[in-house]
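Student: can you look at this prediction? I've put the sequence above it.
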Amino acid sequence: MLTGDIPPNQTIYIKNLNEKVKKEELKRSLYALFSQYGRILDIVALKTTKLRGQAWVVFSEVTAASNAVRQMQNFPFYDKPMRIQYAKSKSDCIARAEGTYDKKKKQEEKAERKRRVEEAQQNATPNGPRAESNGGPAASSRPGRPSAQEAVADPNNILFIQNLPYETTSMMLDVLFKQYPGFREVRMIEAKPGIAFVEFEDDIQSSVAMQALQGFKITPQNPMAISYAKK
DNA sequence: AGCACA
């Protein structure tokens, strides 16, 4: 519903982002937050007047995008709830990969956009034409696919670590996790070897650490499995 | 509010 009637796309369009966040940090945080849903091929964010506060995250799979749209909808990100939809068009990086990227066509589209802006400025009519929408077709509440996929826990400032070697100590994990901003503490339970909880100040910081250390091997047999702790 | 590919 919040996705409007835009058909599924492997790229998601995010708006209502905090415009004060610097572009590079924004991209990093988006990457950290969204890579749990699948492989991210590209993130586009521009700070021009028209495009600030928005970003596109390109996934390698549509199912990943679908999960992200649903599960991260309204997620408070830098104090503002993210509004997520499918992107309206195919990302250039996808078109390039498919070999369908047409540079000429691209330039024409750009020129066309520019033309329309200028035109709009020409007839700066006091009461412009009513762009009345008819509400569109009664779209089904969900895009075509059932998307029977494993649920990802909601983001949490506490991480749940599994598959640790038996001899892991909290000091070892401390060293590993405290390199990431917002680190608070590691908690391990004597009676339960192989797991740990690592707390950060907020969801974003925990996500950054998760992304960075996901699969990290303390021993060759023990790639860390990091997920969000259950609330 | 705003759908791009610096």
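Tutor: On my side now, so go ahead.
Student: measure stretch A:199-219 end to end?
Tutor: Using CA to CA, to the nearest Å, the span of stretch A:199-219 from its first residue to its last is 23 Å.
Student: work out the gap between that stretch and the centre of the chain.
Tutor: 16 Å (CA atoms, centre = their mean, to the nearest Å).
Student: go ahead and list the helix or strand containing residue A:64.
Tutor: helix A:62-71 (DSSP states H and E).
Student: for that helix, list every residue counted as buried.
Tutor: A:62, A:63, A:64, A:65, A:66, A:67, A:68, A:69, A:71 (16 or more other CB atoms under 10 Å). From N, CA and C alone the C-beta is placed, and that goes for glycine too.
Student: once you drop chain neighbours, what's closest to the last one?
Tutor: If I follow you right, that is residue A:71. Distances taken as CB to CB, 6 or more residues apart in numbering place residue A:152 nearest to residue A:71, at 6.3 Å, with adjacent residues excluded.
Student: and the pLDDT for the residue in chain A that DNA strand B sits nearest to?
Tutor: Residue of chain A nearest DNA strand B, by CB to the nearest atom of the strand: residue A:53 (2.9 Å). At residue A:53, the model reports a pLDDT of 98.
Student: again, but for the one 5 residues further on
Tutor: Residue A:58 carries a pLDDT value of 98.
Student: these two touch, right, residue A:43 and residue A:24?
Tutor: No: counting by CB atoms under 8 Å, residue A:43 sits too far from residue A:24 to count as a contact (10.5 Å).
Student: neighbour-wise, which of these two wins?
Tutor: residue A:43 (19 against 9; other CB atoms under 10 Å).
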